[in-house]
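Enquirer: here are the coordinates; sequence isn't available:
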């Protein structure tokens, strides 16, 4: 009868240990320098500064400069006239 009482305690301890390891693994995956979102924000700011709009290229990669193009509409700048 004692073995039956110990099994739930052992299973509970194992479940808590597995949960702890899972949370520790996820905690180490915080934001890093140069993440896709940060690169996309920088690309958007550069495009906005040039008077353009980011448009998707149809590519799906790990590099926003491949996934988006800066589309500039309107009159050409005075340098190209």
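Expert: On my side now, so go ahead. Fair warning: this is a prediction, and the values are worked out from it, not measured in the lab.
Enquirer: list the contacts for residue 46?
Expert: residue 70 (C-beta atoms under 8 Å, 6 or more residues apart in numbering). Every residue, glycine included, has its C-beta placed from N, CA and C.
Enquirer: same thing with residue 43?
Expert: Listed by C-beta under 8 Å, 6+ apart, the contact set of residue 43 reads 54, 64-65, 68, 70.
Enquirer: next, it: phi, psi?
Expert: Backbone geometry at residue 43, expressed as degrees, to the nearest 10, gives phi -60, psi -40.
Enquirer: what's the neighbour count on residue 57?
Expert: Residues lying near residue 57 (other C-beta atoms under 10 Å) number 12.
Enquirer: ugh, typo on my part, it should be residue 58
Expert: By other C-beta under 10 Å, neighbour count at residue 58 equals 7.
Enquirer: gap between it and residue 42?
Expert: Computed as C-beta to C-beta, to the nearest Å, the residue 58 to residue 42 distance reads 21 Å.
Enquirer: can you say which helix or strand has the nearest residue to residue 66 once chain neighbours are set aside in it?
Expert: Of all residues not flanking residue 66 in the chain, residue 59 sits nearest, at 5.0 Å (C-beta to C-beta, 6 or more residues apart in numbering). Using DSSP states H and E, residue 59 sits within no helix or strand.
Enquirer: could you do the one 10 residues further on as well?
Expert: With elements delineated by DSSP H and E, residue 69 resides in strand 68-71, which encompasses its position.
Enquirer: in the protein, which spans are helices?
Expert: 2-27, 36-49, 64-67 (DSSP state H).
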